[in-house]
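>>> Sequence and predicted structure below; questions after.
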Amino acid sequence: MKQAFPEQRAGEEVLFVFRRHIIAMRKGFYGFLIPLALGSLPFIIFSNNINLLWASLGGFVIGSIILFYHWLAWYFSIFIVTNQRIQQTTQKSLFGKSVIDLGLAKVQNISYNIPGFTGEILGFGTIVLQTFVGDLVIDKVSHPERVYEKLQSVIYAAGGGRGNEIDEAIEE
């Protein structure tokens, strides 16, 4: 069996993978636009000096490097849902990463929140997985209602229908 990710266990099947919304890269977009604008400002003010285009090009290059750095952190930060666990891999810098594993049986409750008008229009929100130990908060998730539905069905299937056991205990 071929591994889909490095920490995959034997018999573990990847059900779906998701990542944060592109809005999580907004600092990278600002980091691109600010050097570009500052580099272009001298040429706009002194438009008769063609040599000032080099400042615009420098602002573009610096902004592109900043944007690329934030894009790498966004792209390589993923959430992998398997039939046994949820793994959050967060790229911290060019060479650093953080991995959190959460067994499906440990999840007690799932909820999601869409933060107002911008979240509704742009399609992002927050998912909270509650456990006995604490909460795993996943913010800026693309289409949180879809991810919530998938997670809910996976956790219910992994628990073997825990809801039925609770209903039976209440009836007794």
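Good, I have the coordinates.
>>> Name the helix or strand for Phe68, please.
Using DSSP states H and E, Phe68 falls within helix 53-75.
>>> do Tyr30 as well
helix 26-45.
>>> Dihedrals phi and psi, the spatially closest residue to Phe124 that is not a sequence neighbour?
Residue nearest to Phe124 in three dimensions, not counting chain neighbours: His21, with 3.7 Å by CB to CB, 6 or more residues apart in numbering. Where you see a C-beta, it was placed from the backbone N, CA and C, and this is true even at glycine. With angles defined as degrees, to the nearest 10, His21 sits at phi -70, psi 150.
>>> correct me, but His21 touches Val141?
Yes. Counting by CB atoms under 8 Å, His21 does reach Val141; the two are 6.4 Å apart.
>>> so where's the chain uncertain?
Low-confidence segments of the chain (pLDDT under 70): 1-2, 160-172.
>>> center of it, which residue is that?
The chain has Arg20 as the residue nearest its centroid, 2.4 Å off, counting by CA atoms, centre = their mean.
>>> give the contact list for it.
Contacts for Arg20 (CB atoms under 8 Å, 6 or more residues apart in numbering) come out as Trp74, Ser77, Phe124, Ile138, Asp139, Lys140, Val141, Ser142.
>>> And for Glu7?
Glu7 neighbours (CB under 8 Å, 6+ apart): Gln87, Val99, Asp101.
>>> From Gln108, how far off is it?
24 Å (CB to CB, to the nearest Å).
>>> Secondary structure class of the residue of the chain most remote from its centre, three-state.
Among residues of the chain, the one most distant from the C-alpha centroid is Asn48; the distance is 45.7 Å, by CA atoms, centre = their mean. What DSSP: H, G, I helix; E, B strand; the rest coil gives for Asn48 is coil.
>>> got a list of contacts for stretch 41-50?
Residues from elsewhere that reach stretch 41-50 (CB under 8 Å, 6+ apart): Leu52, Leu53, Ala55, Ser56.
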